[in-house]
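>>> Fold the following for me, if possible:
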Amino acid sequence: MTVPTEPIGSIPRPPELVRAISDHMAGYIDDAELQDHYAKALQETISLFEATGSPVVTDGEQTKPSFATYPLSRMTGLSPNGAVIPFADGHQRQLPLLTKGPFRYQVYADSYLKQAMDITTVPVKQAVIAPSALSLLYPADGIDGYPREAFIEDLVQEARNEIRRCLDAGAHTVQLDFTEGRLALKLDPSGQVLEQFIALNNLVLDGFSDDERARIGVHTCPGGDQDSTHSLDIDYADLLPSLFQLNAGKFYVQLASESDPPRVLGIIGEHSRADQRIFVGVIDPIDPRVETAEQVRDRILQAAQYIDVHRLGSCDDCGFSPFADDQSTSRDTAFGKISARVEGTAMAAETLGL
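Numbering: from 1, shown residues only. As a prediction, this is how the structure comes out:
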């Protein structure tokens, strides 16, 4: 028995890949050359992950345009004027808007998973976008001939299909990125939008067995893009009781960047269920300082005061580069932090006698 540790997902892309993506969009390089850059970045990322000793790796989302919009690649029937996500530093990200149905994923995440699994023998985790985030694609004024009820039915089926494809392909864990959970409370303090998000995600999760849900996780954080967040000012106490109503087996909870971790841990201890493993964030991707292994160890030992060690794990707070153009953190820094997480988690397990 030990304390499991997992990454969240994204790793900063090499500068050469970022330039290649820009050049491809401008028409300076063709598809084949871009694919060569993707393949090289993926191979290098997996190798660097393995060098940290991480017991679980990801593909670093090297070939995803973003953690949120990858299923929409090459999709027609989209308008650029969708929901705007404002970040604390003033920059924004904007989702597209659906203009026609039926809704179908154009890319499923198992395509990324299989590429990574072909490169490594280390267990591979696959992140997918939560259906609640994609529900924001549907316009408030509706779509002629395609009511919202039909869209939700299609979305649930597509999300289930993606998760099952990843499980069947051999993913160690399938992680739903649910960063919009905390954001929902900022956009709607009444909690009604969050309640709708939880219900929708559970509708998807209810299509899986208990054994399958043990391999499905949910990640929550206040966003992390260009060294800024979108909802860190929202009290976790307003989110966490609802979060643990999700019928998933694993939860990845941003914690290292919280101002009062013991308070949050107390809420987690009170509201999480005995069949839910809690991975606490021990690495802050936004902080340019690389944590020490001792800091990681101490954060896990603190969490063990509130959460049974037999259902405790560690993780990074968020992905390091959820959007392809985010270069706010270097690859060296990201992998330095991951190495500290791996080493510090092993130290904590030894201290706990596991």
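
>>> Report the contact partners of the spatially most central residue of the chain.
Among the residues of the chain, the one closest to the centroid is Asp177, at 3.7 Å (C-alpha atoms, centre = their mean). Neighbour list for Asp177: Gly9, Phe67, Ala68, Ala127, Val128, Ile129, Ala130, Ala133, His219 [criterion: C-beta atoms under 8 Å, 6 or more residues apart in numbering]. C-betas here are computed from N, CA, C, even on glycine.

>>> Give the phi and psi angles for it, as a check.
Main-chain torsions, Asp177, degrees, to the nearest 10: phi -80, psi 110.

>>> Equivalent analysis for the one 5 residues further on, please.
Comment: the main-chain dihedrals of Arg182 come out as phi -70, psi -40, following degrees, to the nearest 10.

>>> now it: how far from Gly191?
12 Å (C-beta to C-beta, to the nearest Å).

>>> And the strands in the stretch 101-250 of the chain?
For the stretch 101-250 of the chain, the strands defined by DSSP state E, counting those that start in this stretch occupy 126-129, 174-177, 216-220, 250-253.

>>> Including mean pLDDT and distance to Gln276, could those strands go into TSV?
Formatted as TSV, the strands of the stretch 101-250 of the chain follow (pLDDT from 0 to 100; distance: least, C-beta to C-beta, whole Å):
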stretch	mean pLDDT	distance to Gln276
strand 126-129	96	18
strand 174-177	97	14
strand 216-220	97	9
strand 250-253	98	6
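
>>> Partner strands of the longest strand along the chain, with direction?
As assigned by DSSP state E, the longest strand anywhere in the chain is strand 277-283. In the sheet, strand 277-283 lines up against strand 250-253 (parallel), strand 312-316 (parallel) (DSSP bridges).

>>> Quick check: the residue nearest to Gly269 when sequence neighbours are not counted vs Val156, distance?
Spatial nearest neighbour of Gly269, excluding adjacent residues (C-beta to C-beta, 6 or more residues apart in numbering): Tyr306 at 4.0 Å. According to C-beta to C-beta, Tyr306 and Val156 sit 34 Å apart.

>>> just Pro65 next, same as before
According to C-beta to C-beta, Pro65 and Val156 sit 24 Å apart.

>>> neighbour-wise, which of those two wins?
Each of Pro65 and Val156 has its neighbours counted (other C-beta atoms under 10 Å); Val156 has more, 18 against 15.

>>> residues in contact with that one?
By C-beta under 8 Å, 6+ apart, the residues touching Val156 are Pro131, Leu200, Leu203, Val204, Gly207.

>>> For these, give me CSV that also has neighbour count and distance to His24.
Shown next, in CSV, are these (neighbours: other C-beta atoms under 10 Å; distance: C-beta to C-beta, whole Å):
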residue, neighbour count, distance to His24
Pro131, 24, 29
Leu200, 19, 34
Leu203, 17, 37
Val204, 24, 33
Gly207, 15, 37
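
>>> Among those, pick out the one closest to Gln254, please.
Nearest to Gln254 among these, counting by C-beta to C-beta, is Pro131 at 20.6 Å.

>>> Once you drop chain neighbours, what's closest to that closest one?
That would be Ala159: by C-beta to C-beta, 6+ apart, it lies 4.0 Å from Pro131.

>>> same deal with Ala20?
His37 (4.0 Å).

>>> and that neighbour, what element?
helix 31-51 (DSSP states H and E).

>>> so the residue nearest to Pro131 touches Ser132, yeah?
No - counting by C-beta atoms under 8 Å, Ala159 stays clear of Ser132, with 9.4 Å between them.

>>> what about Arg182 and Gly191, which has more around it?
Arg182 (26 against 14).

>>> Let me know whether that one touches Pro222 as I believe.
Yes - between Arg182 and Pro222 there is a contact under C-beta under 8 Å: 5.2 Å.

>>> can you list residues touching both of these two?
What both Arg182 and Pro222 touch, as defined by C-beta under 8 Å, 6+ apart, is the set Ser231, Ile234.

>>> Name the residues that touch stretch 82-90?
Stretch 82-90 is contacted by residues 92-97, 136-137, 183, 223, 225-230, 232-233 when judged by C-beta under 8 Å, 6+ apart.

>>> same thing but at 6 Å, please
Residues from elsewhere that reach stretch 82-90 (C-beta atoms under 6 Å, 6 or more residues apart in numbering): Gln92, Arg93, Gln94, Leu95, Pro96, Leu97, Leu136, Ser228, Thr229, His230.

>>> which stretches of this protein have low pLDDT?
Counting by pLDDT under 70, the chain contains low-confidence residues at 1.
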